[in-house]
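Student: Here is my input, please return the structure:
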Amino acid sequence: MRRSAAVLCGAGVVLAGTLSAVPANASGSSAANTVQAAAAKVTWKKCATDDYPTLQCASVKVPLDYAKPSGKKITLALSRVPHTSKTYQGPLLVNPGGPGGSGLTLAGFVASSLPKKVAAQYDVIGFDPRGVGASKPALNCKPGYFDPVRPDSVPSTAAIEKANLKRAKDFAKACGTKHKDVLPYINTISAVKDLDSIRKALGAKKINYFGYSYGTYLGAVYAKLYPERVRRLVLDSIVDPTGVWYEDNLDQDYAFDKRHKAFMTWVAKHNATYKLGTDPKKIEAKWYAMRAALAKKPVGGSVKVGASELEDTFLPGGYYNGYWPFLAEAFAAYVGDKNADPLVEAYQNFAAVDSSGDNGYSVYTSVQCRDASWSRDWKKWQKDNWAVYKKAPFMTWNNAWYNAPCAFWPTKSLKPVNVANSKLPPTLLFQATDDAATPYQGGLTVHKLLKNSSLVVEQGGGNHGITLSGNSCLDKYLATYLTNGKVPHGKGKVDATCKKLPDPKPAAPQEASAQSTLSSTQGTAATGGETLHGILGFRG
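Tutor: Prediction:
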C-alpha cells in the first residue's frame with residue numbers, strides 16, 4: 001500500500017463550466033460511443049507534468065450513500081489524457097489496485113505506454129476512489145501507524161502478541177472514531193457505483209475498463225452489477241474473488257514465501273557479485289539470521305530498521321524482481337561488511353510509509369474489512385497463521401498483522417460478490433504463473449467465472465502487474481484487444497502463453513542503491529516495469 005507516485009490533481013481545481021466528454025466528430029463501432037442526451041457535465045483543467053504533458057484533471061460529486069442519492073455528497077478526483085484520433089472508442093477507465101491506490105498518475109502512464117495509435121482512440125481516465133488521495137474526504141485513521149520500530153511481527157511471546165494486538169485494536173478504534181460517518185460507505189460495491197457515476201458524468205453509455213490487482217476485483221464487480229455498460233474489460237494480475245479477503249491473504253503467504261526463495265536462488269546465481277554463497281538454502285538462513293539480529297537490535301539513526309521493517313523492505317521484491325539487485329546489495333552489505341547503511345536506505349525508499357501511505361492503508365482496511373466477513377475470534381487467526389507460518393515463514397505474520405484490524409472493525413460486514421457472468425462481451429485476462437500478490441489460481445478462477453473471457457499467461461513470470469512492463473508478447477494481445485476487441489482462443493485452461501522476461505542482472509556499482517531505483521521510477525528514462533511498479537506500489 002505504499003505509493004511512490006505523487007498525486008497530481010486536487011479535487012478543488014474544478015470551477016463551474018462544461019466540457020463535453022465526447023466531441024461531435026467522434027466515431028466508433030457502436031452506439032456505446034455516443035453521448036447520452038442528458039449527460040452530466042465535467043470540467044477538465046490542465047494539470048500537465050513533465051512525464052505526462054497532456055494530462056488533465058477534474059472532479060465529480062457522488063452520493064456518500066447511494067440509498068440516499070439526494071443526501072450528503074463526496075468528491076472524486078479524476079484525471080484524463082484525451083483522445084486525439086478521429087476514431088474514438090470512448091473512455092478507458094484505469095485502476096492500479098489497492099484497495100487504496102491513487103489512479104491519477106496511472107492514466108498518464110497507460111496513455112503513454114500503449115501504442116500511440118491505440119491510445120489516441122481513447123480518453124484514458126484515472127481516478128482516486130472514494131476516500132483516496134485527492135478525493136474528498138480522504139481517510140487517514142491513525143497517522144504514523146507504521147513508524148518504526150514496530151513490534152516483531154512473529155508473536156513468539158505473549159508480550160509481543162499483546163503489543164501487536166493493541167496496535168490493531170487501536171487502529172480499528174481510531175478509524176471508527178475519526179471517520180464514523182463515512183466508514184460504512186467505503187467498500188467495493190460503493191466504489192463500483194462510483195464508477196457508474198463517472199461513466200454518466202463522462203456522457204458514455206458504456207465504459208472500457210483496465211484494472212490491475214484489486215482493480216481486477218473492482219472491474220469484475222462492476223461487470224456483474226452493470227454488464228450492459230461494459231464495452232471492453234482488461235484484468236491484469238487477478239484477485240481470486242472466491243477468497244475475499246481472509247483466505248486470499250493466507251494464499252498470498254505461501255506465494256510470497258516461494259517468491260522470496262526465488263530471490264535467494266537469484267542471489268546464489270550471482271555469488272560473484274554478492275558473495276553470499278551458492279546454496280540458496282544457506283543464503284536464506286543468512287537472511288533469517290539477519291532478521292533475528294535486527295529483532296534484538298534494530299539498526300539506524302533517526303530512522304531505525306527492526307525485524308518488521310526488514311520484512312517490509314524485502315516485500316517489494318515479491319512484487320517486482322527489478323528491485324532484486326538493490327535488495328541483494330543491502331543484504332550483502334549487512335552480512336558481509338557489517339554495514340547497515342544500505343539496508344536503512346532501502347527501507348526508507350521501499351518501505352517507509354508517508355502520509356499518502358497512511359491514507360492508502362486506511363482505505364485498504366476500510367474496504368477489506370467491510371467487504372466480507374472476518375473472524376472476530378483471535379484464536380482462529382492464531383491457529384491459521386501459525387499453521388501457514390510453519391510452511392511459509394517469510395511474510396505470514398507480517399501479512400496477518402497488516403490485516404488484523406479487520407478482527408476488530410467497527411462496521412458490519414457485507415457479503416462478497418459472486419462475479420460469475422455470462423453477459424459480457426469478450427474479456428481479456430492476464431496472469432503470471434508465479435505472481436505472489438495475486439496467485440495464479442485467481443486467474444484460472446475468474447477465467448471460469450467470466451464466460452466470454454480469454455486468459456493470457458506469462459509462463460514462469462513472478463511479477464505483479466505484467467502488461468505495459470516490457471513484455472512485447474503480452475502487450476501485443478492488449479493492443480489488439482483495445483484496437484478491435486479480438487481476443488485469443490486456445491484449447492484448455494489457457495488461451496495464449498507468453499515467455500517471461502529475463503531476470504534482472506546485478507546492478508552496476510554506481511547504481512547499487514535503493515535511491516537510484518526509486519528515482520528511476522519517477523523519471524522518463526525508467527523502463528515500463530519500473531514506472532508501473534512505482535505507481536502500483538505494494539500490498540495492492
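Student: in this structure, which helix or strand is least confident?
Tutor: Least confident helix or strand, the chain: helix 514-520 with a mean of 44, by mean pLDDT, DSSP states H and E.
Student: what's the spacing between the next helix or strand after that one and its chain's center?
Tutor: Later in the chain than helix 514-520, the nearest helix or strand by DSSP states H and E is helix 528-536. Centre-to-centre, helix 528-536 and its host chain are 11 Å apart (Cα atoms, centre = their mean, to the nearest Å).
Student: helices or strands next to helix 528-536 in the packing?
Tutor: helix 104-113, helix 316-319, helix 514-520 (3 or more Cβ pairs under 8 Å, 6 or more residues apart in numbering; DSSP states H and E). The way it works is simple: take the backbone N, C-alpha and C, and place the C-beta from them, glycine included.
Student: One more pass at 10 Å, please.
Tutor: Judged by 3 or more Cβ pairs under 10 Å, 6 or more residues apart in numbering; DSSP states H and E, helix 528-536 is in contact with helix 104-113, strand 207-212, helix 316-319, helix 514-520.
Student: export stretch 275-287 as PDB, just CAs?
Tutor: Only the C-alpha atoms of stretch 275-287 are listed here, as PDB (Å, rounded to 0.1, in the frame of the first residue of the first chain):
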ATOM      1  CA  LYS A 275      29.400 -13.100  -2.100                       C
ATOM      2  CA  LEU A 276      26.700 -14.700   0.000                       C
ATOM      3  CA  GLY A 277      27.300 -18.200  -1.300                       C
ATOM      4  CA  THR A 278      26.000 -20.500  -3.900                       C
ATOM      5  CA  ASP A 279      23.500 -22.500  -1.900                       C
ATOM      6  CA  PRO A 280      20.000 -20.800  -1.800                       C
ATOM      7  CA  LYS A 281      19.100 -22.600   1.400                       C
ATOM      8  CA  LYS A 282      22.200 -21.300   3.200                       C
ATOM      9  CA  ILE A 283      21.700 -17.800   1.800                       C
ATOM     10  CA  GLU A 284      18.100 -17.900   3.100                       C
ATOM     11  CA  ALA A 285      19.400 -19.000   6.500                       C
ATOM     12  CA  LYS A 286      21.600 -15.900   6.500                       C
ATOM     13  CA  TRP A 287      18.600 -13.700   5.700                       C
END
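Student: who's in contact with that stretch?
Tutor: 260-272, 274, 310, 314, 328, 331-332, 334-337, 393-394 (Cβ atoms under 10 Å, 6 or more residues apart in numbering).
Student: make it 7 Å
Tutor: By Cβ atoms under 7 Å, 6 or more residues apart in numbering, the residues outside stretch 275-287 that reach it are 261, 264, 265, 267, 268, 271, 331, 332, 335, 336.
Student: wait, what's in contact with residue 378?
Tutor: So residue 378 contacts residue 407 (Cβ under 7 Å, 6+ apart).
Student: Could you report the pLDDT at it?
Tutor: For residue 378, the pLDDT comes out at 98.
Student: how close does residue 214 get to residue 206?
Tutor: 23 Å (Cβ to Cβ, to the nearest Å).
Student: and those two? which has more neighbours close in?
Tutor: residue 214 (29 against 21; other Cβ atoms under 10 Å).
Student: can you list the weak-confidence ranges in the stretch 1-150 of the chain?
Tutor: 1-40 (pLDDT under 70).
Student: quick one: the helices in it?
Tutor: Assigned by DSSP state H, counting those that start in this stretch, the stretch 1-150 of the chain shows helices spanning 104-113, 116-119.
Student: Can you say which of these is packed in most?
Tutor: Across the helices of the stretch 1-150 of the chain, averaging neighbours per residue (mean count of other Cβ atoms under 10 Å) puts helix 104-113 on top, at a mean of 26.
Student: What is the burial count for residue 365?
Tutor: Counted with other Cβ under 10 Å, residue 365 comes out at 28.
Student: Look up how far residue 389 lies from it.
Tutor: Where residue 389 is concerned, residue 365 sits at a distance of 22 Å (Cβ to Cβ).
Student: Mind jotting down where the strands sit in the chain?
Tutor: 45-46, 56-63, 73-81, 91-95, 123-128, 207-212, 230-236, 299-300, 304-305, 427-432, 453-459, 496-499 (DSSP state E).
Student: Just send those back as a markdown table, with mean neighbour count and distance to residue 178 too.
Tutor: A markdown table is the format used below for these (neighbours: other Cβ atoms under 10 Å; distance: least, Cβ to Cβ, whole Å):
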| stretch | mean neighbour count | distance to residue 178 |
| --- | --- | --- |
| strand 45-46 | 12 | 31 |
| strand 56-63 | 22 | 21 |
| strand 73-81 | 24 | 16 |
| strand 91-95 | 28 | 26 |
| strand 123-128 | 29 | 19 |
| strand 207-212 | 27 | 29 |
| strand 230-236 | 25 | 33 |
| strand 299-300 | 20 | 30 |
| strand 304-305 | 22 | 27 |
| strand 427-432 | 26 | 37 |
| strand 453-459 | 22 | 40 |
| strand 496-499 | 16 | 46 |
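Student: Let's have these in JSON lines, adding distance to residue 533.
Tutor: As requested, the strands of the chain are exported to JSON lines (distance: least, Cβ to Cβ, whole Å):
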{"stretch": "strand 45-46", "distance to residue 533": "27"}
{"stretch": "strand 56-63", "distance to residue 533": "24"}
{"stretch": "strand 73-81", "distance to residue 533": "19"}
{"stretch": "strand 91-95", "distance to residue 533": "15"}
{"stretch": "strand 123-128", "distance to residue 533": "17"}
{"stretch": "strand 207-212", "distance to residue 533": "10"}
{"stretch": "strand 230-236", "distance to residue 533": "12"}
{"stretch": "strand 299-300", "distance to residue 533": "25"}
{"stretch": "strand 304-305", "distance to residue 533": "22"}
{"stretch": "strand 427-432", "distance to residue 533": "13"}
{"stretch": "strand 453-459", "distance to residue 533": "15"}
{"stretch": "strand 496-499", "distance to residue 533": "18"}
